[in-house]
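Participant: everything below, folded, please.
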Amino acid sequence: MYKYILYSSSLIILFSIFNGCVPLFNQPLSEQRAEIGAETPAKKNLSSLPEPKEKIVAAVYKFRDQTGQYKPSDSGSNWSTAVTQGTTSILLKAIEESGWFIPIEREGLSNLLNERRIIRSSRANYTGKNENTQLLPPLLFAGLVLEGGVISYDANVLTGGAGLKYFGAGAYGQYRQDRVTVYLRAISTSNGRILKTVYTSKMILSQELDASVFRYVKFKRLLEAETGFTYNEPSEMAVKEAIEKAVESLVIEGVIDGLWDLKNPEEINSNVITSYAEEKEENDGSDFFDQLITPRRHKFGLGVNAGSWLYMGDYSHTEMEVMGGVSLLYDTQASLQFGLNFARGDLATTSNFQKTFNSLDVSAKYRLLPYKDWTPYVEGGFGFFSEQEKSIYTIDLSNSIHPQILYGAGCEFLFNEHIGLNFSIINHYIFNDEIDGKKLGNYNDYFWEGKVGLNFYFDKIWDVNKKKKNRKEKIKKKEESISVESTEK
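Facilitator: Numbers count the residues shown, from 1 in each chain. Below you'll find the model as predicted:
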């Protein structure tokens with residue numbers, strides 16, 4: 001009786017603490033006052049741009065949501081728009097904070113003209129003069145017109161989750177990613193030429209975590225507890241970050257292409273511009289999900305591994321024995337990798353059987369995610385298997401050689417472009433029933449191989465250092481051309 005009371009009390013206290021404390025990590029306990037709006041990570045780079053030689057007067061007539069997308073809803077229709085309708089205001093603030101533009105009012109131009117007309121009329125009535133004589137300073141005219149908009153909002157681009165329940169207790173988590181895309185172009189007012197067009201995108205994350213228990217701790221005593229939280233990244237902040245990134249891209253690409261000049265030409269090598277150039281090169285080698293589609297491994301490689309063999313034959317009471325091996329690798333720098341593998345180890349039972357064997361095979365791996373840092377793969381191949389009776393430092397070919405096939409699966413994690421950590425489980429099926437010296441049953445002998453190892457890659461085709469060198473040379477040439485133009489002027 002006391003056991004059940006103690007058990008149920010412990011569970012109730014545990015889940016009460018868990019249920020009470022976890023939500024309070026982010027739960028507001030009182031109303032919040034108005035505060036200055038939060039900034040995005042893109043704001044730092046935007047405000048760190050080098051100073052311009054002369055600020056550009058820029059007009060924004062209309063920069064709006066062009067998606068027509070409504071908020072996704074799991075229940076019924078939702079007529080709220082997925083994208084904020086105030087994107088023109090966001091863009092005006094972004095170009096002002098960049099320090100490169102003088103924004104002028106054009107979205108509410110009719111209101112501005114009406115107000116100026118009222119001012120002239122009021123002055124004329126007060127002074128008794130003609131309205132046409134009450135002149136106001138002229139309006140600024142723009143050198144650039146910025147156009148574009150939010151052109152795409154894709155819901156449920158990526159979804160997933162995981163969970164586990166056991167005897168009524170468990171937890172689960174799920175997530176969803178949406179994507180917003182912004183286009184921005186700069187148009188010269190003198191000739192209508194589109195000087196530069198840039199495009200940026202931002203993923204919007206929503207996630208949910210939940211833990212619960214529902215079970216009988218005693219007859220007619222039911223314990224039920226639940227806790228969790230959800231997080232939805234504000235879509236307005238995502239749009240703001242995408243627009244700020246677009247303004248940053250417009251300024252930097254305009255500098256690189258010579259459309260506008262820096263106050264200090266040497267700042268062409270500033271950290272902001274250099275980092276942007278590196279980011280753009282990486283982006284050129286990425287796909288829709290920011291997954292690199294450039295080769296991640298060198299063309300050739302050497303693998304070393306260690307693990308164990310588990311014999312499955314005519315004797316019972318098998319034991320796991322140590323094995324080791326080396327591999328010569330040839331990578332297609334896509335999904336396939338070929339290997340020549342040599343391994344040596346023992347197959348044994350507790351009392352009746354123990355021998356040392358060599359395994360030589362050719363295998364092919366098919367990677368499911370070849371351009372990620374980690375990738376699962378399936379493997380298959382064929383080779384030969386023979387008993388080793390002499391010194392472990394020699395290979396004895398006098399014994400009979402048994403043909404084999406192998407198949408399995410594994411996972412590789414890349415630390416960098418040179419080293420990868422490899423895990424795999426492989427089944428070696430022998431084409432006869434003679435490796436243990438005993439023939440029983442209807443099935444041939446076979447064994448399992450589990451191993452972990454390191455792969456060392458070299459002779460990489462995708463020369464990152466060469467690309468960095470070319471980028472620096474390009475920026476240096478641009479710096480020299482800017483210096484020459486400044487001298488001529």
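Participant: contacts, neighbours, all on C-alpha from now
Facilitator: OK.
Participant: can you pull out the low-pLDDT segments for this protein?
Facilitator: By pLDDT under 70, the weakly predicted segments of the chain are 1-28, 74-77, 128-134, 285-293, 389-399, 437, 440-442, 460-489.
Participant: which parts of it are helices?
Facilitator: Defined through DSSP state H, the helices belonging to the chain, from first to last, are 2-21, 42-47, 87-98, 109-127, 235-256, 271-284, 464-488.
Participant: show me what the second one is packed against.
Facilitator: Put plainly, it is helix 42-47. helix 87-98, helix 235-256 (3 or more C-alpha pairs under 8 Å, 6 or more residues apart in numbering; DSSP states H and E).
Participant: most tightly surrounded among these?
Facilitator: For the helices and strands packed on helix 42-47, the stretch with the most neighbours on average is helix 235-256, a mean of 22; neighbours defined as mean count of other C-alpha atoms under 10 Å.
Participant: next one: that helix to chain centre, how far?
Facilitator: Centroid displacement of helix 235-256 relative to its chain, using C-alpha atoms, centre = their mean, to the nearest Å, is 19 Å.
Participant: so which elements touch it?
Facilitator: Going by 3+ C-alpha pairs under 8 Å, 6+ apart, helix 235-256 lies up against helix 42-47, helix 87-98, strand 169-188, strand 194-218, helix 271-284.
Participant: right, and the ones you listed - which one's nearest N416?
Facilitator: The closest of the helices and strands packed on helix 235-256 to N416 is helix 271-284. By C-alpha to C-alpha, the value is 15.4 Å.
Participant: hmm, who's touching stretch 366-381?
Facilitator: 291-296, 333-337, 361-365, 405-415, 426 (C-alpha atoms under 8 Å, 6 or more residues apart in numbering).
Participant: L369 and N422: what is the separation?
Facilitator: Note on L369: its distance to N422, by C-alpha to C-alpha, to the nearest Å, is 14 Å.
Participant: now do R367
Facilitator: With the distance defined as C-alpha to C-alpha, R367 ends up 12 Å from N422.
Participant: and Q85, by the same measure?
Facilitator: When distances are taken as C-alpha to C-alpha, Q85 and N422 turn out to be 50 Å apart.
Participant: okay, now L113: neighbour count?
Facilitator: 12 (other C-alpha atoms under 10 Å).
Participant: just checking, R120 touches L135?
Facilitator: Yes. With contact defined as C-alpha atoms under 8 Å, R120 and L135 form a contacting pair (7.0 Å).
Participant: who's more crowded, the two?
Facilitator: R120 (18 against 12).
Participant: need phi/psi at N352.
Facilitator: Main-chain dihedrals, N352, degrees, to the nearest 10: phi -90, psi -20.
Participant: re the thing from before, tell me which of the helices and strands packed on helix 235-256 sits nearest to V247.
Facilitator: Put simply, out of the helices and strands packed on helix 235-256 the one that sits nearest V247 is helix 87-98, at 6.6 Å, with distance taken as C-alpha to C-alpha.
Participant: what packs against the closest one?
Facilitator: helix 42-47, strand 64-65, strand 101-104, helix 235-256.
Participant: next, format the helices and strands packed on helix 235-256 as a markdown table and append distance to G345.
Facilitator: As requested, these are exported to a markdown table (distance: least, C-alpha to C-alpha, whole Å):
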| stretch | distance to G345 |
| --- | --- |
| helix 42-47 | 56 |
| helix 87-98 | 65 |
| strand 169-188 | 42 |
| strand 194-218 | 46 |
| helix 271-284 | 44 |
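Participant: compare the ones you listed and give me the one nearest N111.
Facilitator: With C-alpha to C-alpha as the yardstick, what comes closest out of the helices and strands packed on helix 235-256 is helix 87-98 (16.0 Å).
Participant: off-centre distance for the closest one?
Facilitator: Distance of helix 87-98 from the chain centroid (C-alpha atoms, centre = their mean) equals 27 Å.
Participant: for ChimeraX, what selects the buried ones among the contacts of stretch 366-381?
Facilitator: Selecting in ChimeraX just the buried members of the contacts of stretch 366-381, where the criterion is 16 or more other C-alpha atoms under 10 Å, is done with this command:
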select :291,292,293,294,295,296,333,334,336,337,361,362,363,364,365,405,406,407,408,409,410,411,412,413,414,426
